[in-house]
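In: take this sequence and fold it.
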Amino acid sequence: MDRLAPESSLRLEWVYGYRGHQCHNNLFFAPSNPHSSGSASVVDSVGADCNKVVYFVAGVCIVYDILQHKQTFFMGHSDDVLCLCQHPEGQLFASGQIGKEPFVAVWDSSSCETKSLLLNGHQRGISAVHFSHDGNLLVSIGLDDHNSMCVWDWRKGRIIAQHRTHGDKVLDVKFVPGNNSKLVTCGVKHIKFWTLSGNSLSGKGGILGSVAPVQTFLTLTFDRYGNVLAGALNGSVYQFEENKLIKAHPMHKGAVFCLSACEVGYVSGGKDGMVKLLDLNFNPIQQYNLVETEQGYPGLCVKSVYWKDDKVLVGTQNSEIFELSSRSTEKVRLLVQGHSEGELWALATHPVKANTFATSSDDCTIQQWSITERGVIAKKQLENKARSLAYSPDAVFLAVGFTNGSFSVFRSRDFSEVHSAQIRSEVIHELKFSPDGAHLAVGSNDNYVDIFSCLQNWKKVGQCSGNSSFITHIDWSQDGKFLQTNSGAAERLVYKMPSGKRLTSKDEIDKIVWQTWTGVLGQEVAGIWEKYTDTNDVNAIDVNFEQGVCVTGDDFGLVKLFKFPTFKKGAKFKKYTGHSAHVTNVRFTCDRKRVITVGGADHAVFQWRFLIGSEEDESDVAKVVSANGVSDSEASDSELSNAGEVDSEIEREAEQNYDRFVSKEYAADLYKKERGLENGLASGKSVSEMGDKAGKQKHAPSTGLALEFVFGEKTHIKRQRVTDIKRDSQGTREDKKQQEGTIRKKTSRQSEIRKNYE
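Out: The predicted model follows:
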């Protein structure tokens, strides 16, 4: 049953969220018409309409069509994307990632096809990229100790010049408009001006003089004369002529995280939640306080701005994307929402409404999502960080487990609190309602599962003990009489409910029919584990009993689809990429038509369409493109698991084929030689006369082998032997000394031979 991957498959349908933390200036408009392009200008903005937004989250670059409310994806990255820039013509984009072998991908926003991969230029990651004014060159900054800068001929994938920039972190890099030989970098307490000459780079520091103090510079753009504008940590925008500071413009109450320029002026965004529009002479045009808008909140921080025509894109640190109107401060539209920086683990799909699910994370919020509307439909601020969620069977209640060992129960329709209790001192990692809704099981990192009665004012009625490590997963039986648990010590235990008494009879356990299967342990799901793997590598699983498949999320950022049950380790699977960090939770919707997955560190939410067998739905399925530029969405699936799994050097050696290739024209001659037929044929005998025994030898060969010398010694055996001799009470002291002397002589002789050999 496990010899083939399941026929069913997943297709990425929607990605919720936007990366605003540790990034800036990563929002752009892309042309809706792939043949349209903007005229080259000395500013950042390009000629394009304002219906498609390009951004990224996790390892996925997203092209979001605002009018049609659809997404297409570039999935050519293997890890977190950190930076993004737009080609002067508007249609092409370059994105850089982190990882052991980071690279820059240049891709087409209309087809999501790869145009070029820039490899082997950096270590650890790429923090900033930018195209030259004519679009022929691209510059990138690495995350190595020296923040190395590479200038690329991106069409050929060739490095033209490479140079160390600064010992402190570099935060932005730009080509000077209209001059491919001039570049600027900025970062922690520095700004440098570079000249590209042939294949060499030379730089000189900015001169601030007495105009303003030295600052950390966070972002760069240029005025209409090609002079540098640098956003500083103190809230000012520093204006340079050549490399000399000529003026510091006060701009924000707090750091200026992002700057952008267009044909009519400049836009800035800061830590204070303000977005400011200025004309080409730095006179104010419009300003927006996003904190005071309907969707705003205290602490809102602007990390990205982009101004085109009468629309302004704004990205925040907490993963929102706003669209503003340059003509009115009243028109504020929220395009994208997501969870902010921190771990995202909690996920629950609605048991009645197939188009609803809920998530919660370290950002202290519960967010309820609509699959059909593809956005947040309800949100609640919490007092603590959340780790687990569960709907009651009738969807009346939504239970939340927190990192401080407490849990709360809310009414799902309005998030009003029904009950709250501090029951443990460690994280509540998992909780679930019984199928009849009468009980709630709460599992913690204190190694216990507490059972509460929903009908007795949430009174504690039982406790499951015996796990030697933290609780990772729990599942109820269909009749609500049993509960199974998984722990961090790879234990699977079964208890009677609600008392919490341990059930040990294998026969009784085998007869239990489970309502859900979200535990990663057990004979039925043994196939999700590769041979010799760590039992904590797979974080989550959910089973579709009707279709006989299960979906998993692991520490390697992969979503996998297996058959269920799968009894043998190393079962075949289909894999899907996109999450850049560990996938912490996976769930089927109640109608089993979709799968929701969440990433831990990337705090992204992915919505997948579950396709039965060879089912295809090209009208609704979003386009997924891999790094090789093939637009077939099958590129995100992996059939590599249909090859034999090799999990150790011994198995690898056993499966190695050392047979040499023999062409057809020599096959017959080789066969004759191996069978000893050539001599018989030379004497005139036919093959049939000689028979099969003609090639067999009657006697062993006259030559042989004699052992001449053995290299190496086992010193631990020698020491043990000496110790045994000293403890030997049978022999005389002289015999012992003689034996020890013999050992020393042998050791000395071996050392002398080894020395001469070396």
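In: what about Q381, distance to P298?
Out: 11 Å (CB to CB, to the nearest Å). All C-beta atoms are positioned from the backbone trio N, CA, C, and that covers glycine.
In: I should have written A571 there, sorry.
Out: On the measure of CB to CB, A571 and P298 end up 50 Å apart.
In: ditto for F433
Out: With CB to CB as the criterion, F433 and P298 are 35 Å apart.
In: the more surrounded of the two?
Out: Higher neighbour count among F433 and P298: F433, with 24 against 7, using other CB atoms under 10 Å.
In: thought the more buried one was touching S453?
Out: No - under the contact definition of CB atoms under 8 Å, F433 does not touch S453, with a separation of 11.4 Å.
In: okay, and the common contacts of these two?
Out: H439 (CB atoms under 8 Å, 6 or more residues apart in numbering).
In: low-confidence ranges, the stretch 1-150 of the chain, go.
Out: 1-2, 34-48 (pLDDT under 70).
In: swap in the stretch 401-550 of the chain?
Out: In the stretch 401-550 of the chain, residues with pLDDT under 70: 534-535.
In: one more time with 90
Out: 530-537 (pLDDT under 90).
In: show me where it has its strands.
Out: 406-411, 417-422, 428-433, 439-444, 449-453, 459-464, 471-476, 482-487, 492-496, 501-503, 538-544, 549-554 (DSSP state E, counting those that start in this stretch).
In: same question for the stretch 101-250 of the chain.
Out: Using DSSP E, counting those that start in this stretch, strands in the stretch 101-250 of the chain cover 104-108, 114-118, 126-131, 137-142, 149-153, 158-163, 170-175, 182-187, 190-197, 200-205, 217-222, 228-232, 236-241, 244-250.
In: which ones are touching A161?
Out: Neighbours of A161 in contact, by CB under 8 Å, 6+ apart: C150, V151, L196, G198, N199, S200, L201.
In: drop anything exposed from these.
Out: Among these, those classed as buried by 16 or more other CB atoms under 10 Å are C150, V151, L196, L201.
In: rebuild these as CSV, extending it with distance to H603.
Out: Converted to CSV, those look like this (distance: CB to CB, whole Å):
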residue, distance to H603
C150, 30
V151, 34
L196, 38
L201, 37
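In: of all pairs in those, which one spans the longest distance?
Out: Of all pairs drawn from the buried ones among the contacts of A161, the greatest distance, 11.4 Å, lies between C150 and L196 (CB to CB).
In: picking that back up, okay if I get the strands of the stretch 401-550 of the chain as JSON lines plus distance to L229?
Out: Formatted as JSON lines, those follow (distance: least, CB to CB, whole Å):
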{"stretch": "strand 406-411", "distance to L229": "48"}
{"stretch": "strand 417-422", "distance to L229": "49"}
{"stretch": "strand 428-433", "distance to L229": "48"}
{"stretch": "strand 439-444", "distance to L229": "53"}
{"stretch": "strand 449-453", "distance to L229": "58"}
{"stretch": "strand 459-464", "distance to L229": "62"}
{"stretch": "strand 471-476", "distance to L229": "51"}
{"stretch": "strand 482-487", "distance to L229": "55"}
{"stretch": "strand 492-496", "distance to L229": "61"}
{"stretch": "strand 501-503", "distance to L229": "69"}
{"stretch": "strand 538-544", "distance to L229": "45"}
{"stretch": "strand 549-554", "distance to L229": "44"}
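In: ok, which of those strands comes nearest G338?
Out: strand 549-554 (17.8 Å).
In: who does the next helix or strand after that closest one touch, helix- and strand-wise?
Out: Where DSSP states H and E defines the elements, the next helix or strand beyond strand 549-554 is strand 559-563. Packing contacts for strand 559-563, counted by 3 or more CB pairs under 8 Å, 6 or more residues apart in numbering; DSSP states H and E, involve strand 9-16, strand 549-554, strand 574-576.
In: determine which stretch of the ones you listed is the most buried.
Out: Most buried of the helices and strands packed on strand 559-563 by mean neighbour count (mean count of other CB atoms under 10 Å) is strand 549-554; its value is a mean of 27.
In: CA atoms of it as CSV?
Out: The C-alpha coordinates for strand 549-554 follow below in CSV (Å, rounded to 0.1, in the frame of the first residue of the first chain):
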residue,chain,number,x,y,z
VAL,A,549,-4.8,10.2,2.9
CYS,A,550,-3.0,12.2,5.5
VAL,A,551,-1.2,15.5,5.3
THR,A,552,1.8,16.4,7.5
GLY,A,553,3.9,19.5,8.3
ASP,A,554,7.6,19.1,9.3
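In: and the pLDDT at the residue nearest the centre of the chain?
Out: Central residue of the chain (CA atoms, centre = their mean): S580, 1.0 Å from the mean position. The model reports S580 with a pLDDT of 85.
In: tell me the contacts of it?
Out: Counted by CB under 8 Å, 6+ apart, S580 has contacts A58, G59, H77, D79, D80, V81, G557, G599, A601, D602.
In: what about those residues, which are in strands?
Out: V81, G599 (DSSP state E).
In: would TSV of the contacts of S580 with neighbour count be doable?
Out: Shown next, in TSV, are the contacts of S580 (neighbours: other CB atoms under 10 Å):
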residue	neighbour count
A58	27
G59	26
H77	28
D79	20
D80	25
V81	27
G557	23
G599	29
A601	17
D602	27
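In: can you redo the contacts of S580 as TSV with distance to D272?
Out: As requested, the contacts of S580 are exported to TSV (distance: CB to CB, whole Å):
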residue	distance to D272
A58	28
G59	31
H77	33
D79	32
D80	27
V81	27
G557	35
G599	30
A601	27
D602	27
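In: out of the contacts of S580, who's nearest V525?
Out: Looking across the contacts of S580 and measuring by CB to CB, the closest to V525 is G557, at 20.2 Å.
In: from K575, how far out is that closest one?
Out: The value you get for G557 to K575, if CB to CB is used, is 10 Å.
In: L259 in helix, strand or coil?
Out: strand (DSSP: H, G, I helix; E, B strand; the rest coil).
In: now it. Nearest residue, chain neighbours left out?
Out: T221 (4.4 Å; CB to CB, 6 or more residues apart in numbering).
In: confidence score at that neighbour?
Out: So T221 comes in at 96 (pLDDT).
In: low-confidence ranges, the stretch 201-350 of the chain, go.
Out: 327-331, 340-342.
In: so T165 sits against S140, correct?
Out: No - T165 lies out of contact with S140 (CB under 8 Å); the separation is 11.1 Å.
In: more neighbours: those two, which one.
Out: Ranked by neighbour count (other CB under 10 Å), T165 and S140 place S140 first, with 28 against 23.
In: what sits against the more buried one?
Out: Contacts of S140 (CB under 8 Å, 6+ apart): G96, V104, L118, G121, H122, I126, A128, V129, M149, C150, W152, V173.
In: mind running it again at 10 Å?
Out: By CB atoms under 10 Å, 6 or more residues apart in numbering, the residues touching S140 are 83, 85, 94, 96, 102-104, 118, 121-122, 126-130, 148-152, 154, 159, 162, 173.
In: run a quick neighbour tally on the nearest residue to Q215 once chain neighbours are set aside.
Out: The shortest distance from Q215 to any non-neighbouring residue, by CB to CB, 6+ apart, is to A232 (3.9 Å). A232 is flanked by 24 other residues according to other CB under 10 Å.
In: tell me the bridge partners for A232.
Out: For A232, the beta-bridge partners under DSSP bridges are F217.
In: for it, give me its contacts.
Out: Neighbours of A232 in contact, by CB under 10 Å, 6+ apart: 186, 191, 212-219, 238, 248-249, 251-252, 255-256.
In: show the buried residues in these.
Out: Using 16+ other CB under 10 Å, the buried ones in those are 186, 191, 215-219, 238, 248-249, 251-252, 255-256.
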